[in-house]
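Engineer: when you get a sec, could you give me coordinates for this:
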Amino acid sequence: MTLSRRAALGAALALPFIGMAHAQSGRTPGQAAWAPSRPVRIVVPFQGGGATDLTARLLAERLTPMLGQAVVVDNRPGAGGNLGADMVAKAEPDGHTLLMCTIGTASINQFLYSRMPFRQEDLAAVALVNLVANGIMVNANLPVQNFAEFLAYAKANPGKLNYGTPGNGTSGHLSGEYLKVRAGIDMTHVPYRGTGGVVPDLIAGNIDVAVDNLPAYLPHAQEGRMKILAVTSKDRWFALPEVPTVQESGIADFEAVAWFGVQAPARMPRPILLRYAAAIAEISRNPEVVARQRSIGAEPHPLGPDEFAAFIQAENTKWREVVRLAGARLD
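Structural biologist: Numbering: from 1, shown residues only. Now for the predicted structure:
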């Protein structure tokens, strides 16, 4: 065999491995990293003002210069987040439409709703971004000063209290239902189309209680316009070290932490998915971004596509059981 034939054979044998390396990096031979050809939209399946929306806008702001195209937030509330999630599940998988997913849209809803407009397999995990504890908030005029007094008041007034959440299937909804079961209290659920509708009604006294992600409520609690009685995380939340957990307050093993991440249409090519995952990982490592997330009550918890997919599967196991215990079901 001549030297030239050996070189040619060696190059041919190496091609599959070169292709694999480029696929893992999100590139193909001779090409730069994928970039969008027009503006990208991140669909937020809830109203503006909540943790989902705030997280999406932080990502959009940072992704825009990195991708060389405008990245815009598109709020599409409805059906506990299913409306917006369905839009992305059915969108063209060309890299120009992403979903700011939540614990509800990516995990809880499939067990809660008897009919779903999309399958979980229709969406691909891109990146987990952060975790957010839920809080048990009450109107400032409700005659309770702590969580123990709240439980006593609820038990003495069965059916009198109503609690608002950002919508059916949200972590606030399931946390509230789980609390009712574990504490033996009766409250009426009032679903909204996002946190933006819950906050003013809680302040005005149109609802008595809110069970929701903490960020949007922190400034109002600091101004005395409402009271945060407990957090649903396993340990005290970094943003509210003085507020006890539900576990501390007598309900053992109670934990319900919300999370937010990015998903894409399932058929989106792997190189595009990896391009977004790498960009979001870089954003997540930025000290200023870490500080901004913590300033709104969110704990950064970045995970890549495969780790995020495994995380979702673990959450599915947990929330399937919570829905069963709560007996919650929606048509």
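Engineer: switch to C-alpha atoms for all contacts and neighbour counts from now on
Structural biologist: Will do.
Engineer: I'd say G80 and G104 touch.
Structural biologist: Yes: with contacts counted by C-alpha atoms under 8 Å, G80 reaches G104, the gap being 7.5 Å.
Engineer: where do the contact lists of those two overlap?
Structural biologist: 169-170 (C-alpha atoms under 8 Å, 6 or more residues apart in numbering).
Engineer: mind checking the SS state of R115?
Structural biologist: Following DSSP: H, G, I helix; E, B strand; the rest coil, R115 is assigned to coil.
Engineer: state the distance from the residue lying closest to it once chain neighbours are set aside to Y113.
Structural biologist: Computed as C-alpha to C-alpha, 6 or more residues apart in numbering, the closest residue to R115 that is not its neighbour in sequence is D331, at 6.4 Å. Between D331 and Y113 the distance is 6 Å, computed by C-alpha to C-alpha, to the nearest Å.
Engineer: equivalent analysis for L274, please.
Structural biologist: Applying C-alpha to C-alpha to L274 and Y113 gives a distance of 31 Å.
Engineer: over to Q263?
Structural biologist: Where Y113 is concerned, Q263 sits at a distance of 20 Å (C-alpha to C-alpha).
Engineer: helix, strand, or coil at A124?
Structural biologist: strand.
Engineer: okay, now the unreliable bits of the protein?
Structural biologist: 1-32 (pLDDT under 70).
Engineer: circling back to that earlier point, who has more neighbours, Q263 and Y113?
Structural biologist: Applying other C-alpha atoms under 10 Å to Q263 and Y113 shows that Q263 carries more neighbours, namely 30 against 18.
Engineer: I'd say the more buried one and C101 touch.
Structural biologist: Yes: Q263 lies in contact with C101 (C-alpha under 8 Å); the separation is 6.3 Å.
Engineer: tell me which helix or strand comes right after the helix or strand encompassing A85.
Structural biologist: A85 belongs to helix 82-89 when assigned by DSSP states H and E. Using DSSP H and E, the helix or strand that directly follows helix 82-89 along the chain is strand 97-102.
Engineer: and for that next one, what's in contact with it?
Structural biologist: Contacts of strand 97-102 (C-alpha under 8 Å, 6+ apart): 40-45, 52, 56, 84-85, 88, 91, 170, 258-265.
Engineer: ok, now with 7 Å
Structural biologist: With contact meaning C-alpha atoms under 7 Å, 6 or more residues apart in numbering, strand 97-102 is reached by 40-44, 52, 56, 85, 88, 91, 259-264.
Engineer: direction included, what does that strand pair up with?
Structural biologist: strand 40-44 (parallel), strand 257-265 (antiparallel) (DSSP bridges).
Engineer: may I have it exported as PDB, CA atoms only?
Structural biologist: Output of strand 97-102 as PDB, limited to C-alpha atoms (Å, rounded to 0.1, in the frame of the first residue of the first chain):
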ATOM      1  CA  THR A  97     -39.000  29.300  19.300                       C
ATOM      2  CA  LEU A  98     -38.200  28.200  22.900                       C
ATOM      3  CA  LEU A  99     -40.300  27.600  25.900                       C
ATOM      4  CA  MET A 100     -39.700  29.000  29.400                       C
ATOM      5  CA  CYS A 101     -40.900  25.900  31.100                       C
ATOM      6  CA  THR A 102     -42.000  25.400  34.700                       C
END
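Engineer: next, the angle from that strand to helix 82-89.
Structural biologist: On the basis of axes from the mean of the first three to the mean of the last three C-alpha atoms, to 10 degrees, strand 97-102 is oriented at 140 degrees to helix 82-89.
Engineer: gap between strand 97-102 and the chain center?
Structural biologist: Distance of strand 97-102 from the chain centroid (C-alpha atoms, centre = their mean, to the nearest Å) equals 9 Å.
Engineer: quick one: the closest residue to D94 other than its chain neighbours from P93, how far?
Structural biologist: Counting by C-alpha to C-alpha, 6+ apart, the nearest residue to D94 once its immediate chain neighbours are dropped is M268, at 6.0 Å. Distance, M268 to P93, by C-alpha to C-alpha: 4 Å.
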